[in-house]
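J.: missing the sequence, but the structure's below:
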């Protein structure tokens, strides 16, 4: 039997000219033509972007090397500050470079496990690695606390690992800024500052590794599903619970993949073009958010006393936003789903519009608050994370300026639409994918978190259920 797929399901770049040929329903694909898509051409385009970015980064690295030499000679604190700023500029370029490298890897995988026919693209299902063997390989490498895992669990594992590592990066970045203040006051040491700069680079390398594994496994999973001619459909409402599943519970709408296209050098998800990232706390300008709507709550479940990427068990998603004094109820629900649960990370996803002072324009943007709990009486916000503006009314987020930390382009691999207009009212858009949904989109394909210049945890008193 021949299995035919749509390239649009695989989230690779196509040109504007090719878009019309490729955007056909799967029920029509038996009669469609694939003349509009060329793997080699797509690979060449991605390779050209990689080569161009690599050249720019190499030049920036030369300039950075010059700054380090100058600093070694003079020990000037202003030069050190310039180095830190330059490192951040180079890091943004590296993030874009790593994105294109992941897209190249996905294209190579698609080419390896498909072939072109007169009826579009056929998945060579027999060549794909068996899920059991693939999972077994990753279990040996990861040695996870949860042994009964599948591809969905592995994809979710790498997603949460990248997000938790980004939290670590923020901690290191804020420590570096504190060290700079101490050095100016005559208390800190240059060695501490340089060590933290190296630590920031190391953490980004870990994030890139997690994102690469996530995207690679997602591509293989998609190919397997298309090869079997199956579509994973979730019933409206609650997904039935099984302990061996990654998603314990989800109320969110169905996710449908869309094509990310490239028109005149600008990426598009559907009709939505990729916008500039909102300025983070370490850049000039503060974005103004308005009309923020509560979208969904994600809860990550861990077998460690605090959320730790190596002790990830699973996740669940709901539309129920609880008062801060009732956050412990998410922990209790996690314990109900999985008795191994010892802690949870809770994310409140809101979506609205934000004024970007860097461009002078409004754009669709998400804003995400984060909490953690490890008992019915113990919940908190970690360093640099604020509490809700109205702790007793999580459904209302006032309009205003919000200092944010930005996980830049974290959503670029999830161009999708939702069956729920509440989850994503904009059609095809870059959105969050927790619980295999499509929600809280963002024009810059990023995750935005409120930021507070404060070290140390703040514990949140909990009411009895």
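T.: Received the coordinates, thanks. Because the structure is predicted, anything quoted here is derived from the model rather than measured.
J.: ok now do residue 113, which residues does it touch?
T.: Applying C-beta atoms under 8 Å, 6 or more residues apart in numbering to residue 113 gives the contacts 123, 124, 127, 128, 220, 223. Any C-beta I mention is one placed from the backbone N, CA and C, and that applies to glycine too.
J.: Give me the mean pLDDT for stretch 422-440.
T.: For stretch 422-440, the mean per-residue pLDDT is 96.
J.: Pull out the buried positions in it.
T.: Of the residues in stretch 422-440, 423-424, 426, 428-440 count as buried by neighbour count, 16 or more other C-beta atoms under 10 Å.
J.: swap in stretch 393-405?
T.: For stretch 393-405, the buried set under the neighbour-count rule, 16+ other C-beta under 10 Å, comprises 394, 397, 402, 403, 404, 405.
J.: Max pairwise distance over the contacts of residue 113: which two?
T.: In the contacts of residue 113, two members sit farther apart than any others by C-beta to C-beta. They are 124 and 220, at 12.5 Å.
J.: If you count surrounding residues, which of these two has more?
T.: Neighbours per residue, other C-beta atoms under 10 Å: of residue 124 and residue 220, the larger number sits with residue 220, 20 against 13.
J.: My guess is that one contacts residue 109. True?
T.: Yes - using C-beta atoms under 8 Å as the test, residue 220 is close enough to residue 109 to be in contact (6.7 Å).
J.: contacts for stretch 131-146?
T.: If you take C-beta under 8 Å, 6+ apart as the criterion, stretch 131-146 is touched by 147, 149-151, 153-154, 157, 217, 220, 224, 303, 310-314, 340.
J.: ok, now stretch 387-398?
T.: Residues lying outside stretch 387-398 but in contact with it, judged by C-beta under 8 Å, 6+ apart, are 289, 292, 294, 321-325, 348, 350, 352, 367, 369, 381, 458, 460.
J.: And those, which is closest to residue 87?
T.: Within these, distances to residue 87 taken as C-beta to C-beta reach their minimum at residue 367, with 26.7 Å.
J.: Secondary structure class of the closest one, three-state.
T.: When states are read from DSSP: H, G, I helix; E, B strand; the rest coil, the local structure at residue 367 comes out as strand.
J.: Same check on residue 201?
T.: Using three-state DSSP as the criterion, the local structure at residue 201 reads helix.
J.: now stretch 308-325: mean pLDDT?
T.: For stretch 308-325, the mean per-residue pLDDT is 96.
J.: show me the contacts for residue 129.
T.: Applying C-beta under 8 Å, 6+ apart as the definition, the contact partners of residue 129 turn out to be residue 220.
J.: and if we set it to 10 Å?
T.: For residue 129, the contacting residues are 113, 135, 137, 220, 224, by C-beta atoms under 10 Å, 6 or more residues apart in numbering.
J.: Can you show me the helices along the protein?
T.: With helices called from DSSP state H, the chain shows them at 16-22, 39-74, 77-112, 131-142, 151-184, 190-227, 328-337.
J.: I'd like these as a markdown table, with mean pLDDT and distance to residue 260 appended.
T.: As requested, these are arranged in a markdown table below (pLDDT from 0 to 100; distance: least, C-beta to C-beta, whole Å):
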| stretch | mean pLDDT | distance to residue 260 |
| --- | --- | --- |
| helix 16-22 | 31 | 11 |
| helix 39-74 | 92 | 12 |
| helix 77-112 | 92 | 9 |
| helix 131-142 | 89 | 25 |
| helix 151-184 | 94 | 18 |
| helix 190-227 | 93 | 13 |
| helix 328-337 | 95 | 33 |
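J.: So for residue 249, which of these sits nearest?
T.: helix 328-337 (6.7 Å).
J.: returning to that earlier point: which neighbours do residue 220 and residue 109 have in common?
T.: Common contacts of residue 220 and residue 109, defined by C-beta under 10 Å, 6+ apart, comprise residue 128.
J.: How much space separates the closest residue to residue 462 other than its chain neighbours from residue 322?
T.: Distances taken as C-beta to C-beta, 6 or more residues apart in numbering place residue 328 nearest to residue 462, at 4.5 Å, with adjacent residues excluded. For residue 328, the distance to residue 322 (C-beta to C-beta, to the nearest Å) stands at 9 Å.
J.: Counting neighbours, go ahead and name the busier of the two.
T.: residue 328 (22 against 16).
J.: so what's that one up against?
T.: For residue 328, the contact set (C-beta under 10 Å, 6+ apart) comprises 322, 344, 373-379, 460, 462-465.
J.: Quick check: it vs residue 256, distance?
T.: Taking C-beta to C-beta as the measure, residue 328 and residue 256 are separated by 35 Å.
J.: Likewise for residue 163?
T.: Summarising the geometry, the distance separating residue 163 from residue 256, computed by C-beta to C-beta, is 23 Å.
J.: Please apply the same query to residue 111.
T.: Residue 111 sits 24 Å away from residue 256, taking C-beta to C-beta as the criterion.
J.: of the contacts of stretch 131-146, buried ones?
T.: Under a neighbour-count criterion of 16+ other C-beta under 10 Å, the subset of the contacts of stretch 131-146 counted as buried comprises 149, 151, 153-154, 157, 217, 220, 224, 303, 311-314, 340.
J.: What separation do you get for residue 90 and residue 79?
T.: Using C-beta to C-beta, residue 90 is found at 16 Å from residue 79.
J.: count of neighbours near the residue nearest to residue 68 when sequence neighbours are not counted?
T.: Once flanking residues are discounted, residue 68 sits nearest to residue 83: 6.5 Å by C-beta to C-beta, 6+ apart. When neighbours are defined as other C-beta under 10 Å, residue 83 has 18 of them.
J.: Let me see the contact set for residue 83.
T.: Residue 83 touches 64, 67, 68, 70, 71, 193, 194, 197, counting by C-beta under 10 Å, 6+ apart.
J.: Kind regards, and thank you for your time.
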